[in-house]
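Undergrad: Curious how this folds, go ahead:
(2 chains)
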2 protein chains.
Amino acid sequence: MNFRCELKRVVDDSYDIEIGRRLQQSLIADLKSGLCGRVKKFAVVTDSNVLGLYAAEIAGMIKEAGFSAETFVIPAGERSKTRKMKEFLEDSMLEKGFRRDCAVIAVGGGVVTDLAGFTAGTFGRGVPFVNYATTLLAAADASVGGKTAVDTPLATNLIGMFNQPRKVYIDIDCWKTLPERQLSSGLAETVKHACLGDAEMFAFLEENIEKILRNDPAACEYIANKNCEIKYKVVMQDERESGLREILNLGHTVGRAIETVSDYTLLHGEAVSIGLIAQARLGRELGFISPENVDRTEALCRRAKLPVTIPEGIDRPQLLDKLYTDKKVRDGKLRFVFQKEIGSMVCFGGNNFGKEITREQIGRILDQM
Amino acid sequence: MNFRCELKRVVDDSYDIEIGRRLQQSLIADLKSGLCGRVKKFAVVTDSNVLGLYAAEIAGMIKEAGFSAETFVIPAGERSKTRKMKEFLEDSMLEKGFRRDCAVIAVGGGVVTDLAGFTAGTFGRGVPFVNYATTLLAAADASVGGKTAVDTPLATNLIGMFNQPRKVYIDIDCWKTLPERQLSSGLAETVKHACLGDAEMFAFLEENIEKILRNDPAACEYIANKNCEIKYKVVMQDERESGLREILNLGHTVGRAIETVSDYTLLHGEAVSIGLIAQARLGRELGFISPENVDRTEALCRRAKLPVTIPEGIDRPQLLDKLYTDKKVRDGKLRFVFQKEIGSMVCFGGNNFGKEITREQIGRILDQM
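TA: Below is the predicted model of the structure:
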């Protein structure tokens, strides 16, 4: 006997991204007017750096508004993006009496928003969550698009889910408290966006990169908006990463591998910067980009104070092996995304255009870096 | 500045449930004709009991059909429904080179299908999965409806997700290898379905319960079909458990609590049986069910060889506390589902009809059991 379970439905995961300065009051007003439905109990998830800077204050404001709120703090850094830390959040929330009638407010950078979004997605089989992004990296990348995940010893971002937040707040004012190295790291995803989608933005960065590093208000606002615009365009067209969204992985094939092999002594953006350059150099060999534009990309990364060569101490054979455990590997073949010149177009490597990338080829590029 | 991310889309999670005997060939034929898309690599997830009985054979057949397959084995029993075991599956799959281009075939009972479905849902942010249900419990409950989850020390089924399988196979032939205690445990969810939705089915069970325990083909087929029919009707109308689906929790408020407090020495169905009786007795006090129908429910459970009283060694104050950590607790108030007489109608307790259930009231009912 056969039953057919008909489960066709319209899902609306639409949400707003608000970009501005000091958005705490806006968050509170939204919670009051039902952003998370009838939820009255909020888990403010943050890290040890952001707690004192912004998260404790936000939790206080939520309580003042008549809701209940508890803060849950993970150690700052990429090492916290683990299943263990997710378990810690779950157990802490359960101990504090959190059940299905709660929502999660992530306050912090990409690690916090990724981990909190994933935790919210499986807590009580899913509770609402909101991202309050305090870093440039989160603004550029993690807070938009609904990809949440944790790392495992064998692969980064491989365990996770697609989970859209109720709203994203990008508070540019918070960037002023970012250590210089973190700000640079965030710029890597910004440069990536320019490389893959917007030549004008690339030119703007070439003119204003030092201003951004000095936290110039107008320049920062420009890149916050541009980052969202580009990512949003791509995500809107391909939420579940069946094809187009893959272009956002520019620089990430090598980037993710080197981040893991460095044992997270490299920040995510630093690893992406190295990956961007590796991709550009490989793309030059394949005829996707001119030597001049490779140089421009490299020069921009340098000026953003990002590494463009593989640091001492990275085990190169291990790095090469790591590339082949990436979740994008299909049938044992590397998949690569390439920028085509600057900002105009992106091509796929791997099998897609009959240009197979061999282990020797990528090994040689890495040797030159 | 504000962006609106428009993410409205039609999702089709429809799937077939095939009920019959020896459905292995049907599974293989479906995989060949693209049930899991272009996937060629299958993770057969099973437990230590089912491996030798059915799962190894299925993995072999998948390989014979030209695909690649690996078996991943968890220890049999409810204790395996943990985040630790999910991590074990993930790490084993990663070690064996599984990435996003795979699918999961769950072969076993409710623990296997729950755990494998959840694991598939977050592996590479979601890969397809299929349930091959070998127990009555899985047939009655876990394999249909898309609820997947694991238990934590503080609550059962609280960490998980809604994740629909590509197809469910209910192989009645496998019930013959079920230990008697497991078959009885599976009958608890069957009795539950009759209580909440079908007086005729209840009468059938009263007439045929011994036949089912002897694995009579026609009687087993009848309940396999009926279970699906009832669960399917409810789930179709309320996939995400906003209201109606809650009626499937009949007997589970007390059931889940006692299962945890027993430290899983009680099987799930045994705990649900006790929960069913507790619910009926409480419902009698509230005027939802006549004393005669309480007796009929109790008699049927007894004949199914299910416990109807709280076993020695259960810490009753601890049980009462446990009730209040259930994920259904809202604003600290117990939520209960009640059968109204038999098979006709179900009411909600808690706040819903102005009948609040006090700690004293439920405590007294439990004391009498």
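Undergrad: distance between the helix or strand hosting residue A:276 and the chain's centre?
TA: Element membership of residue A:276 [criterion: DSSP states H and E] is helix A:268-286. Its chain's C-alpha centre and that of helix A:268-286 lie 17 Å apart, by CA atoms, centre = their mean, to the nearest Å.
Undergrad: Check which element follows it along the chain.
TA: Sequence-wise, the next helix or strand downstream of helix A:268-286 (DSSP H and E) is helix A:291-303.
Undergrad: can you dump the C-alpha coordinates of that next one into CSV?
TA: Taking Å, rounded to 0.1, in the frame of the first residue of the first chain, the C-alpha atoms of helix A:291-303 are listed here in CSV:
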residue,chain,number,x,y,z
PRO,A,291,48.5,39.8,-14.9
GLU,A,292,47.7,43.5,-14.3
ASN,A,293,44.4,42.6,-12.5
VAL,A,294,46.1,40.0,-10.4
ASP,A,295,48.6,42.7,-9.3
ARG,A,296,45.7,45.1,-8.5
THR,A,297,44.0,42.5,-6.4
GLU,A,298,47.2,41.7,-4.6
ALA,A,299,48.1,45.4,-4.0
LEU,A,300,44.6,46.1,-2.6
CYS,A,301,44.9,43.2,-0.1
ARG,A,302,48.3,44.4,1.0
ARG,A,303,47.1,47.9,1.6
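Undergrad: which of the residues in that helix are buried?
TA: A:293, A:294, A:296, A:297, A:298, A:300, A:301, A:303 (16 or more other CB atoms under 10 Å in any protein chain shown). All C-beta atoms are positioned from the backbone trio N, CA, C, and that covers glycine.
Undergrad: now stretch A:200-218
TA: Under 16+ other CB under 10 Å, the buried positions of stretch A:200-218 are A:201, A:202, A:204, A:205, A:208, A:209, A:212, A:213, A:215.
Undergrad: Please dump those residues into a markdown table; it should also carry distance to residue A:322, secondary structure and pLDDT for every row.
TA: Converted to a markdown table, the buried residues of stretch A:200-218 look like this (distance: CB to CB, whole Å; DSSP: H, G, I helix; E, B strand; the rest coil; pLDDT from 0 to 100):
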| residue | distance to residue A:322 | secondary structure | pLDDT |
| --- | --- | --- | --- |
| A:201 | 31 | helix | 95 |
| A:202 | 29 | helix | 96 |
| A:204 | 34 | helix | 97 |
| A:205 | 29 | helix | 97 |
| A:208 | 35 | helix | 96 |
| A:209 | 30 | helix | 96 |
| A:212 | 31 | helix | 94 |
| A:213 | 31 | helix | 93 |
| A:215 | 35 | coil | 89 |
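Undergrad: of all the residues you listed, which two lie farthest apart?
TA: Pairwise distances across those peak at 20.7 Å for A:202 and A:215 (criterion: CB to CB).
Undergrad: Switch the buried residues of stretch A:200-218 over to a markdown table; also include distance to chain B.
TA: Converted to a markdown table, those look like this (distance: CB to the nearest CB, whole Å):
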| residue | distance to chain B |
| --- | --- |
| A:201 | 16 |
| A:202 | 21 |
| A:204 | 16 |
| A:205 | 19 |
| A:208 | 18 |
| A:209 | 22 |
| A:212 | 17 |
| A:213 | 22 |
| A:215 | 18 |
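Undergrad: I'd like to know which of the residues you listed is nearest to residue A:127.
TA: So of the buried residues of stretch A:200-218, ranked by how close each gets to residue A:127 (CB to CB), first place is residue A:215, at 34.8 Å.
Undergrad: Can you name the residues that contact the closest one?
TA: A:175, A:176, A:183 (CB atoms under 8 Å, 6 or more residues apart in numbering or on different chains).
Undergrad: May I ask which of those has the most neighbours?
TA: residue A:183 (22 neighbours; other CB atoms under 10 Å in any protein chain shown).
Undergrad: residue boundaries of the helices in the stretch 101-250 of chain A?
TA: Here the stretch 101-250 of chain A has its helices, by DSSP state H, counting those that start in this stretch, at A:110-122, A:136-137, A:180-197, A:199-213, A:217-237.
Undergrad: and these, which is most packed in?
TA: helix A:136-137 (a mean of 30; mean count of other CB atoms under 10 Å in any protein chain shown).
Undergrad: That helix vs chain B: in contact?
TA: No. Counting by CB under 8 Å from any CB of the partner chain, chain B is not contacted by helix A:136-137; separation bottoms out at 15.8 Å.
Undergrad: on contacts alone, who are the packing partners of that helix?
TA: Contacts defined by 3 or more CB pairs under 8 Å, 6 or more residues apart in numbering or on different chains; DSSP states H and E place helix A:136-137 against helix A:180-197.
Undergrad: quick one, the helix it packs on and helix A:217-237 angle?
TA: Helix A:180-197 and helix A:217-237 are oriented at 50 degrees to each other (axes from the mean of the first three to the mean of the last three CA atoms, to 10 degrees).
Undergrad: For helix A:180-197, C-alpha coordinates in CSV please.
TA: What follows is helix A:180-197 as a C-alpha-only set of coordinates in CSV (Å, rounded to 0.1, in the frame of the first residue of the first chain):
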residue,chain,number,x,y,z
GLU,A,180,43.0,46.7,13.6
ARG,A,181,43.7,43.0,12.7
GLN,A,182,40.0,42.2,12.9
LEU,A,183,39.0,45.1,10.7
SER,A,184,41.5,44.0,8.1
SER,A,185,40.2,40.5,8.3
GLY,A,186,36.7,41.8,7.6
LEU,A,187,38.0,43.7,4.6
ALA,A,188,38.9,40.5,2.9
GLU,A,189,35.3,39.6,2.3
THR,A,190,34.7,43.1,1.1
VAL,A,191,37.5,42.9,-1.4
LYS,A,192,36.1,39.5,-2.5
HIS,A,193,32.7,41.1,-3.1
ALA,A,194,34.3,43.8,-5.3
CYS,A,195,36.3,41.2,-7.2
LEU,A,196,33.4,39.1,-8.0
GLY,A,197,30.6,41.6,-8.6
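Undergrad: hmm, back to that, so can I have a markdown table of the helices of the stretch 101-250 of chain A showing distance to residue A:20?
TA: Formatted as a markdown table, the helices of the stretch 101-250 of chain A follow (distance: least, CB to CB, whole Å):
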| stretch | distance to residue A:20 |
| --- | --- |
| helix A:110-122 | 18 |
| helix A:136-137 | 15 |
| helix A:180-197 | 17 |
| helix A:199-213 | 17 |
| helix A:217-237 | 8 |
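Undergrad: how about these, which one is nearest residue A:267?
TA: That would be helix A:180-197 among these, by CB to CB, at 4.0 Å.
Undergrad: Give me the domain ranges for chain A.
TA: A:16-176, A:181-368 (automatic domain parsing).
Undergrad: list the buried ones in the helix holding residue A:276?
TA: Quick answer for helix A:268-286 (16+ other CB under 10 Å): A:268-284.
Undergrad: what does stretch A:255-267 give?
TA: Under 16+ other CB under 10 Å, the buried positions of stretch A:255-267 are A:255, A:256, A:257, A:258, A:259, A:260, A:261, A:262, A:264, A:266, A:267.
Undergrad: Can that stretch be said to contact chain B?
TA: No. Stretch A:255-267 stays clear of chain B (CB under 8 Å from any CB), getting no nearer than 12.4 Å.
Undergrad: Go ahead and name everything in contact with that stretch.
TA: Under CB under 8 Å, 6+ apart, the answer for stretch A:255-267 is A:77-79, A:151, A:155-157, A:181-182, A:185, A:268, A:271-276, A:307, A:310-311, A:313-315, A:318-319, A:322-323, A:326.
Undergrad: at 7 Å instead, please
TA: Residues from elsewhere that reach stretch A:255-267 (CB atoms under 7 Å, 6 or more residues apart in numbering or on different chains): A:77-79, A:156, A:181, A:185, A:268, A:271-272, A:274-275, A:310, A:314-315, A:318-319, A:322-323, A:326.
Undergrad: Where among the domains of chain A is average confidence lowest?
TA: Here the lowest mean pLDDT among these goes to domain A:181-368, at a mean of 86.
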